[in-house]
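Trainee: predicted model, plus sequence, below.
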Amino acid sequence: MGKKMCVLVIIGFLIFLASPGLSSNHDHEEKPQEELAQEVTVTLKLIQVYVTDREGTPVTDLAKDDFELKDNGEVKIITDFERHILSLPSVKTEIQDKVMEQPGPKRMPRKFFLFFDFAFNNLGGINMAKEAALHFLGSQVNPTDEIGVMAYSTHRGLVLHEYLTKDHNKIRELINDIGIKEILGRAGRLLDEQQMQLTRGGEWSVPDGILGQVTASRDRAMREDMMQIGGQMEFRHQAFHFTSAIRDMAKALRYIPGYKHIILFSTGIPNWLMYRTSVEATPQLNKVNIAGSNSADMRRRYEEMSRELAAANSPVYAINVAGMYADFMQREGRTDFKRWTFDRDQPSTGIEARNWRGVTSLSNLANDTGGKYFDNTNSAEKIVEEIQTMTGSYYVLGYPISEKWDGKYHNIKVAVKRKGCKVYAQRGYYNPKPFEKYSDLEKKVHLIDMALSDSPHFGNCVRIPMTVVPHESGRISKALMMFSTSEQSMRAVIGEKTEIVFLVFDEKQNIVGLKEFAVDDPDFFSDDVFPYVILPLYPGKFECRVVIRNTETGRGAVASSLLFIPRVSKSGFKLYPPLLLKPQKNTKFVSLGRQKDEQDESALLEVFPFDIQEFSPIIEDIHSGVAKILVLTRCAFGEIADAEVKISARLVHQPSGEDIPMEVKLAYENGMFSLEIPAEGLKSGKYFLYLFGEELNTRARSNVNTHFIVR
């Protein structure tokens, strides 16, 4: 760029607390996997059981000997027993989750999916649903609960916004950010518009006299017919896709152990789509050329969806948010909302109000899946509190099985010897099946489970290290994502067909980067091979993940790292987090996004030029005795001409906090600083490396940090 560069080296001994700061590129401490080990064992089957008295009050004092369990009609000996009593924050000063009579870490936490239906809904229902969901998160969940968020809309279909996670703050932020205009589809808008227009029809002024009355009647009939043409076809189309999407999702949920409670916020599929008799339906349906028999077809599809949810142990707690509409309109200061809603106790003209309600579809869905239906109500707090009461106390029964990979269903029957008790237990479970027999949706959920879950439910994943290094190229922010594997760690994963998926999530957990690659060479995952990809990104905070999956067996490996890309300062000077290298020969780099005529290392060396015959990236730990560490950090100057930069560095040992004296060799070329740090004599532990830069002409400052571990 023709800039003159004056570089000053200062080894700083600044006094401040060491912290990970901007970059977390090399932190790969594994999280405990105790729960995972229990839930995916091939020798112990766990069954969740809820027990209440005749009034619906949870029974919490049962012992193992009080239960009898049958698997496909065969009585099983219960060898493991847990009693869970989850206390609410409002009741206890500290949230307690008691596990009785079962020492050790074995657990089966509650799992909830908050399901927002934006297709069969209205503006008030959506807003009140969000409030109810936030109240549930704020007062009804416990730290051990795993929460996910799903939504269905006409534009995007079924979307899994967040997989099961214990990060409840993430769920809360997601719900707050859920929009309405973007996801309230045509079906929802048509429902509002039709209800408003048809109920307002009797209030419109009409011409005087007999001719005027006839004209008004004809106009009203024409309006009804025209809205039926668009409305009925649209609702039928959306109901078809809704039931199909939920049915397929239920099949994928089969293999997640335990109950998956679904809290559904919806106004329901209108009754006329499934429950009107042919005598009622045919006259109006004939006007728009829709066969009355389609109602029975749609009803069968809906019942099939309900059966799949029940088989997947996913009870639905259906909250009819239609009744929340009036409350929302009042709070919004609307005085005309009464004529926009149907009075449940009054007959209406035109399309019958009862046929537009979704009461029957929601109540049947709840009953068929073992959940509960909550009718039109403005008391969302009471509803979610009742759901907490129903799910807050439960038992886990464990018994040994000889698990088979045949995908067959097992019927479960649980009884309690104590009189007066009602038992709500899993209806059954599916044996695992070979991965090659998974449906496309099941494979997607399997991928999501590996990529996003803290403790994958589909099976153990090998944890591998990765590094993510941001930089700027041509005024465009980019990120280098690189991982490493070993033959030993990947022996159980790799096969003849393997896929690699790079994923980047923003702060709202939206996917902002995705790259998929197929690998058919088992030697690809040998030692000293570093696959990488370079993705364009924008300034912000991100979570980067790599999923490696054997497409024949489903076994996989996962890597993750946080990434922060700073914004360009007004002055234009900026340091980027560094890439760390160690001396190592015979390293191989594989560019997964390269062009056919491009060398594997070309894209990497264009960003971070170094001697690939002598150095390799530090992605995991380094062993004591390494002679030196090469630090490569890129910088940007914007419009600054003849920049003069002062660089200082600090190396801190953790947990002692000791500053490590060092003599640094510094060089600059083409927008990149390289520092050579002596590493001989470094004792075991974690080290934080801080780099501080100042452009002397503008006094602009920038600093970055990273860390590494010496074993």
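Mentor: Done, it's in. These numbers were taken from a predicted model, which means no experiment stands behind them. Residues are numbered from 1 along each chain as shown.
Trainee: Glu496 should be in a strand, yeah?
Mentor: No: counting by DSSP: H, G, I helix; E, B strand; the rest coil, Glu496 is located in no strand; its state is coil.
Trainee: ok, the residue nearest to it when sequence neighbours are not counted - contacts?
Mentor: Nearest non-adjacent residue to Glu496, counting by CB to CB, 6 or more residues apart in numbering: Asp520, 6.3 Å away. Where C-beta positions appear, they are placed from N, C-alpha and C, glycine not excepted. Asp520 makes contacts with Glu496, Lys497, Thr498, as judged by CB atoms under 8 Å, 6 or more residues apart in numbering.
Trainee: the last one contacts Thr553, correct?
Mentor: Think Thr498. No: taking contacts as CB atoms under 8 Å, Thr498 lies outside contact range of Thr553: 9.9 Å.
Trainee: the two: who's more crowded?
Mentor: For Thr498 versus Thr553, the count of surrounding residues by other CB atoms under 10 Å is larger for Thr498: 25 against 17.
Trainee: mind checking how far the more buried one is from Met150?
Mentor: In this view, Thr498 and Met150 are 29 Å apart by CB to CB, to the nearest Å.
Trainee: ok, Val710 next?
Mentor: Counting by CB to CB, the gap from Val710 to Met150 is 45 Å.
Trainee: ramachandran angles for the nearest residue to Gly371 once chain neighbours are set aside?
Mentor: Among residues not flanking Gly371 along the chain, Pro315 sits closest, at 3.6 Å (CB to CB, 6+ apart). With angles defined as degrees, to the nearest 10, Pro315 sits at phi -60, psi 140.
Trainee: follow-up on the earlier one: between the contacts of Asp520, which sits nearest Asp167?
Mentor: Taking CB to CB as the measure, Asp167 lies nearest Thr498 of the contacts of Asp520, at 29.4 Å.
Trainee: list the contacts of the closest residue to the closest one other than its chain neighbours.
Mentor: Leaving aside its chain neighbours, Thr498 sits nearest to Val519 (4.5 Å; criterion: CB to CB, 6+ apart). Contact analysis of Val519 by CB under 8 Å, 6+ apart lists Lys497, Thr498, Glu499, Ile500.
Trainee: doesn't Ser314 fall inside a strand?
Mentor: No: counting by three-state DSSP, Ser314 is not found in a strand; it is coil.
Trainee: now it: phi and psi?
Mentor: With angles defined as degrees, to the nearest 10, Ser314 sits at phi -120, psi 80.
Trainee: surely it meets Ile263?
Mentor: No: using CB under 8 Å, Ser314 makes no contact with Ile263, being 11.0 Å away.
Trainee: mutual contacts of those two, please.
Mentor: Residues touching both Ser314 and Ile263 by CB under 8 Å, 6+ apart: Phe113.
Trainee: and the residue most central in space within the chain, what is it in contact with?
Mentor: The centroid of the chain falls nearest to Glu162 when counting by CA atoms, centre = their mean (2.1 Å). Contacts for Glu162 (CB under 8 Å, 6+ apart) come out as Ile147, Gly148, Val149, Lys170, Ile171, Leu174, Leu452, Gln509.
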